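Visitor: with the sequence up front, the predicted model follows.
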Amino acid sequence: MSTTLKLTVPAMVDFLTSIGSSAQFVSLESVTQPKLKKTCPYVGVVKRAANQGWVNIDYKAKVERNIAKATGVPVKDVTYELGDVWFKHIMDGDKMTPVVVNKTKDDGKFYMFYFHRKTKQSEYFDVGGKKLSYSQLEPYFYASKPNEHKPAVRSICLNNLTKLKARGLIVVNKVQPVH
């Protein structure tokens, strides 16, 4: 039996910063507005998605392991330098948490940084609630540039989370996103 907690975003930040720094599997459901090209004829598109992934994985170490595996070089001989990013992690003492904030502006938003494993479900809707297919929207998505050595990572604004499952708990956003 799972325990369900209805939390506000500040309480979700507290929860995520208190779950420890070891790698953990998470499931999440969200409502977001995907970034679409200005030429997209559909107005106010909303994406409802269910994803799975992990939090608290050392990104630099993961890239180094991937490079070592691909090249046959011992991981101790691989050094990967992190590039500049838009966020900074909220720390719990000297330990990184999965919660990040914008490092250049204080917009009051908190994000969960996670390693994406798979999307279980995603649906798109226009401003009137009409369901749109991925193929209808595909020409308007920006192209992504995958890198064979870098894992797929995402950050999601906690305001957009509707449900999060972690450590045997189900966390439901007390204030459901409205898009």
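Guide: Yes, it's here.
Visitor: which neighbouring elements make contact with the strand or helix carrying Met12?
Guide: Per DSSP states H and E: Met12 is located in helix 9-18. Helix 9-18 is packed against strand 3-7, strand 87-92, strand 95-102, strand 161-166, strand 169-173, with contacts defined by 3 or more Cβ pairs under 8 Å, 6 or more residues apart in numbering; DSSP states H and E. For glycine as for every other residue, the C-beta is placed from the backbone atoms N, C-alpha and C.
Visitor: ok and the longest strand seen in the chain relative to strand 87-92, angle-wise?
Guide: Longest strand in the chain, counting residues (DSSP state E): strand 111-125. Between the axis of strand 111-125 and that of strand 87-92 there is an angle of 120 degrees, by axes from the mean of the first three to the mean of the last three Cα atoms, to 10 degrees.
Visitor: ok, then the element right after the helix holding Met12?
Guide: That would be, after helix 9-18 and using DSSP H and E, strand 24-32.
Visitor: list the buried ones in that next one?
Guide: Neighbour-count burial for strand 24-32 flags 24, 26, 28-32 (criterion: 16 or more other Cβ atoms under 10 Å).
Visitor: nearest to Lys60, of these?
Guide: Lys60 lies nearest to Gln24 out of the buried residues of strand 24-32, by Cβ to Cβ, at 18.5 Å.
Visitor: pLDDT wise, what is that closest one at?
Guide: We have a pLDDT of 92 for Gln24.
Visitor: ok, the residue lying closest to it once chain neighbours are set aside - contacts?
Guide: Closest residue to Gln24 apart from its sequence neighbours, by Cβ to Cβ, 6 or more residues apart in numbering: Val55 at 5.4 Å. Neighbouring residues of Val55 by Cβ atoms under 8 Å, 6 or more residues apart in numbering: 16, 19, 23-24, 26, 98, 112-115, 166.
Visitor: now distance to Tyr124 too, for the residues you listed, in TSV please.
Guide: TSV is the format used below for the contacts of Val55 (distance: Cβ to Cβ, whole Å):
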residue	distance to Tyr124
Leu16	27
Ile19	31
Ala23	31
Gln24	29
Val26	23
Pro98	26
Met112	22
Phe113	24
Tyr114	21
Phe115	24
Ala166	26
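Visitor: this completes my enquiry, with thanks.
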